[in-house]
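Dropping a prediction and its sequence here:
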Amino acid sequence: MNRWVHLTGYSLLIFSSQVLWVTFSPITTDVAKDMGTSVGNVGTLAALFPIIYIIVALPAGRWLDSHFRIALTFGALTIGFGALARLADPTSYFWQLGIQVVMSIGQPFIINAISAYASRYFPEKNRSMAISISSVALFFGVIFAMLFSPILYVNGGLTLVLTIFAIPSVLSMVWVLYTLAGTKTFTVTIKKEDTPKLSVLLRDKFLWTLSGLLAMGLGVFDALSTWVEPIFEQYGITGTTSGPLMALMILSGIIGSIFMPSWVAKKDTKRAFIIMAVILNAATFSAIIIWQWVPWIAFWLIADGFFLLAGFPIIMDWTEKQFKSSQQGTAIGFVMLTNHAGGILLIYLVKVLLSPPSLALGLLVFISILGMLLAVKLPKRQKPMTDFLENSKK
């Protein structure tokens, strides 16, 4: 039971990191007025997170592999104290920019720990569920911020938004620090000298395959989330409809992320599930190009979200099982680095092809087909854990 209590605190920390990332996105125009700056500058406050993630991902992963508790402590402190520091001067753009930089540096130390946390705190039979819960916290954080930032702003301005969002951030920081202090809860101990060379780890084709699939899958989702309103508006679907459609997709993905990874791990059908997810993703955007009836779009987005977003914890789980505890932070760091890079690339490619909307959706179909070709290269069954340590000694 203590393991699950500790996991709740860690999941809340993941949730908080996402909330702090998306805080300003739903209220960009109002925040720009409060801070006396441009809308583009406020957009930068959110854009910093994926950009800095690409830079920090691998160093954070290496530190997690060699000094897990210290690295995760650093991540927790940046989120907890960063959330508090934002309250010092809510309407100062440069103050908020500096704090966002600090928190965005800490985020990879939290997210990259998903698989490593499960392997250190949970027996093998529970790790898939632990990874699922941690992964779902990512999606919940985004939805929470998107829903409550505007509501809180209307009722109390930017100060109320930052105050409410600081509560789970500080609570999760204290919770995780308390967890990390209890060394008896760890199931493995990693020595610094056991950590393989980065060059050895990055020679693994399986790691590149997983990274490519996640970059394509979540990259497509990021691009759709960013441009859903201008795409659907060209089909006569207003913003008041496109927003709820994306919410349905995310909620469906949360349900899939909770229930599917454990079942897929038990049946050892990860490859089949991922292939199905990318096929359905291609079919979804093809169906929207053919017919733009709102119930039809809702049906496809709900089905697509259930499988597409569930692919994230499944890939995290596969990474946990494929790599040693001394490799998991770096492996997840590389997977997440390519994920963010792919997302940024697809966002700008779709921007170029926004009109007519069939071009943008057609690009997402094409990317999904590439993902299908990549997915068939995955092993049909779970292979024995890759041993890079032996190779690194040669």
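Noted; the coordinates are in hand. Numbers count the residues shown, from 1 in each chain.

which of the residues in the helix or strand hosting G371 are buried?
Element membership for G371 (DSSP states H and E) is helix 357-375. Of the residues in helix 357-375, those scored as buried under the neighbour-count criterion (16 or more other C-beta atoms under 10 Å) are 357-358, 360-361, 363-365, 367-368, 371-372, 374-375. Quick note: C-beta positions are derived from backbone N, CA and C, even for glycine.

Closest one of the residues you listed to W227?
Checking the buried residues of helix 357-375 against W227 with C-beta to C-beta, the nearest one is A360 at 6.6 Å.

Might you report the residue contacts of the closest one?
For A360, the contacting residues are 227, 231, 350, 353-354, by C-beta atoms under 8 Å, 6 or more residues apart in numbering.

re the thing from before, give me the mean pLDDT for the helix holding G371.
Here helix 357-375 scores 90 as its mean pLDDT.

And for stretch 171-178?
Taken as a whole, stretch 171-178 has an average pLDDT of 94.

tell me what the helix or strand hosting V161 is packed against?
Taking DSSP H and E as the definition, one finds V161 inside helix 124-181. Using 3 or more C-beta pairs under 8 Å, 6 or more residues apart in numbering; DSSP states H and E as the contact test, the elements touching helix 124-181 are helix 2-22, helix 28-35, helix 68-85, helix 114-121, helix 239-267, helix 311-322.

The first one: which residues count as buried?
Spelled out, it's helix 2-22. In terms of neighbour count (16+ other C-beta under 10 Å), helix 2-22 has its buried residues at 3, 6-7, 9-22.

repeat for the fifth one
Along helix 239-267, these residues count as buried under the neighbour rule (16+ other C-beta under 10 Å): 242, 245-246, 248-254, 256-258, 260-262, 264-265.

tell me what that helix is packed against?
Under the contact criterion of 3+ C-beta pairs under 8 Å, 6+ apart, the helices and strands touching helix 239-267 comprise helix 124-181, helix 205-233, helix 270-290, helix 294-308, helix 311-322.

tell me how far that helix is from the chain's mean position?
Centroid separation between helix 239-267 and its chain, computed with C-alpha atoms, centre = their mean, to the nearest Å, is 14 Å.

quick one: it to helix 205-233, angle?
Regarding helix 239-267 and helix 205-233, their directions subtend 160 degrees when assessed with axes from the mean of the first three to the mean of the last three C-alpha atoms, to 10 degrees.

Between helix 311-322 and helix 239-267, find me the angle.
Using the same axes, to 10 degrees: helix 239-267 against helix 311-322 is 30 degrees.

C-alpha coordinates for the helix holding G371, PDB please?
Taking Å, rounded to 0.1, in the frame of the first residue of the first chain, the C-alpha atoms of helix 357-375 are listed here in PDB:
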ATOM      1  CA  PRO A 357      -7.300  21.800 -44.500                       C
ATOM      2  CA  SER A 358      -7.200  18.600 -46.400                       C
ATOM      3  CA  LEU A 359      -3.400  19.200 -47.000                       C
ATOM      4  CA  ALA A 360      -2.800  19.500 -43.200                       C
ATOM      5  CA  LEU A 361      -4.800  16.400 -42.500                       C
ATOM      6  CA  GLY A 362      -3.300  14.600 -45.400                       C
ATOM      7  CA  LEU A 363       0.200  15.200 -43.900                       C
ATOM      8  CA  LEU A 364      -1.000  13.600 -40.600                       C
ATOM      9  CA  VAL A 365      -2.200  10.600 -42.600                       C
ATOM     10  CA  PHE A 366       1.200  10.300 -44.300                       C
ATOM     11  CA  ILE A 367       3.000  10.500 -41.000                       C
ATOM     12  CA  SER A 368       0.800   7.800 -39.600                       C
ATOM     13  CA  ILE A 369       1.600   5.500 -42.600                       C
ATOM     14  CA  LEU A 370       5.300   6.100 -41.900                       C
ATOM     15  CA  GLY A 371       4.600   5.100 -38.300                       C
ATOM     16  CA  MET A 372       2.900   1.900 -39.500                       C
ATOM     17  CA  LEU A 373       6.000   1.000 -41.600                       C
ATOM     18  CA  LEU A 374       8.200   1.600 -38.500                       C
ATOM     19  CA  ALA A 375       5.900  -0.300 -36.100                       C
END
